[in-house]
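[1] Please work out how this folds:
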Amino acid sequence: MLHTIPFSLLELASVREGNSIHNTLQNSLAYAQAAEQLGFKRFWLAEHHNMEGIASSATAVLIGYIAGGTQTLRVGSGGIMLPNHPPLVIAEQFGTLASLYPGRIDLGLGRAPGTDPITARALRRDDMRADNFPTEVSLLQQLLAPLQEGQRLKAIPGAGTEVPIWLLGSSLYSAQLAAQWGLPYAFAGHFAPRLMRDAIHIYQTQFQPSAVLDKPYAMLGMPVIVADTEEEAIFLSTTSQQRILALLRGQPLWLKPPVDSMEGLWNIEEELYVKDFLSLAAIGNPAQVKAKLEHWASELGINEFMFTIDLYDPQHRIRALNLLAAMKQ
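    Numbers count the residues shown, from 1 in each chain. Sure thing, here's the model as predicted:
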């Protein structure tokens, strides 16, 4: 089954504790290049702000960097948080990217701010703009479409590029909107798995064909830690667990080395929170991870998987890509 389902990656440009952002971004490019060689379909970058340990805040800039260092990989946003930006600016940025790298740019859109309230205000975000999400998505579609006679507001570059728009979400709202408008949909199971079944079911059952899609196309984002043995994968997964624990505590989100045990690092309430956050994660040896992916693909009718792979050692990440790619053979 998996050999027919595309594999893709979501990247946060995670900074290792004590490492520089310069080295982090170089590692992200090497990671994308390895994914391209192994046949992965997409490499998306997330927008987050004011988070020490995540270096993907200038998302469009990084998309250009990754696209410029690869040849065939589709590169895009997972996603651009639309309430933070005027649609015209996004259309111009992604229109420029699509002009530089034709046929390789995706525009995934989210409705959340991707940050805390103080930073959201610093981004000049109107608190009500999330309520205007459908209107602003529609405007983006118009700005990226071919120019119409008499059109006064134009994205140059942008007009006519028809950059593919995806709706991203962790709740039911974007699933319903993507279904109504006939757009591809990506569920953020990598950090909010609770509504996964409901959201994907709503999207698939309420889908209305459009000029973009004639049938639903659902992507599932999920964490994956795959290694040669189950024991190694469980050990390596403590890096991700430490990071989510830091998120819960409001601490910097540096990637920390794996530890033999999380005992003593968290209390019972924190342990439950972290495990719930990562409840969709596929952790284990290749056979175990493959079985879990096949289960979700079969149960949910997933069209594409997008993995987050939070590992401390860049070489372990590339090893994980090789193990995942081998599952499709």
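
[2] Let me see the contact set for the closest residue to residue 108 other than its chain neighbours.
    Closest residue in space to residue 108, ignoring its immediate chain neighbours: residue 79 at 3.5 Å, by CB to CB, 6 or more residues apart in numbering. Quick note: C-beta positions are derived from backbone N, CA and C, even for glycine. By CB atoms under 8 Å, 6 or more residues apart in numbering, residue 79 lies in contact with 44, 46-47, 107-110, 166, 168, 186.

[3] Swap in 10 Å and give it another go.
    Residue 79 sits next to 10, 44-47, 59, 106-112, 114, 165-169, 174, 186, 188 when contact means CB atoms under 10 Å, 6 or more residues apart in numbering.

[4] likewise residue 110?
    Neighbour list for residue 110: 46-47, 77-84, 130, 133, 166-170, 174, 186, 188 [criterion: CB under 10 Å, 6+ apart].

[5] rewinding a little: what's the first helix or strand after the strand or helix carrying the residue nearest to residue 108?
    For residue 79, the host element (DSSP states H and E) is strand 74-81. Next along the chain after strand 74-81, taking DSSP H and E as the criterion, comes helix 87-100.

[6] Tell me the helices and strands packed up against that following helix.
    In terms of contacts (3 or more CB pairs under 10 Å, 6 or more residues apart in numbering; DSSP states H and E), helix 87-100 is packed against helix 59-68, strand 74-81, strand 105-110, helix 133-144.

[7] Any buried residues in it, and which?
    The neighbour-count criterion (16 or more other CB atoms under 10 Å) identifies 87, 90-98 as the buried residues of helix 87-100.

[8] Residue 16 and residue 317: what is the separation?
    Distance from residue 16 to residue 317, counting by CB to CB, to the nearest Å: 11 Å.

[9] Which one's more surrounded, those two?
    residue 317 (22 against 19; other CB atoms under 10 Å).

[10] Tell me who's in contact with the more buried one.
    Residue 317 neighbours (CB under 10 Å, 6+ apart): 9, 11, 14, 27-28, 30-31, 34-35, 236, 309-311.
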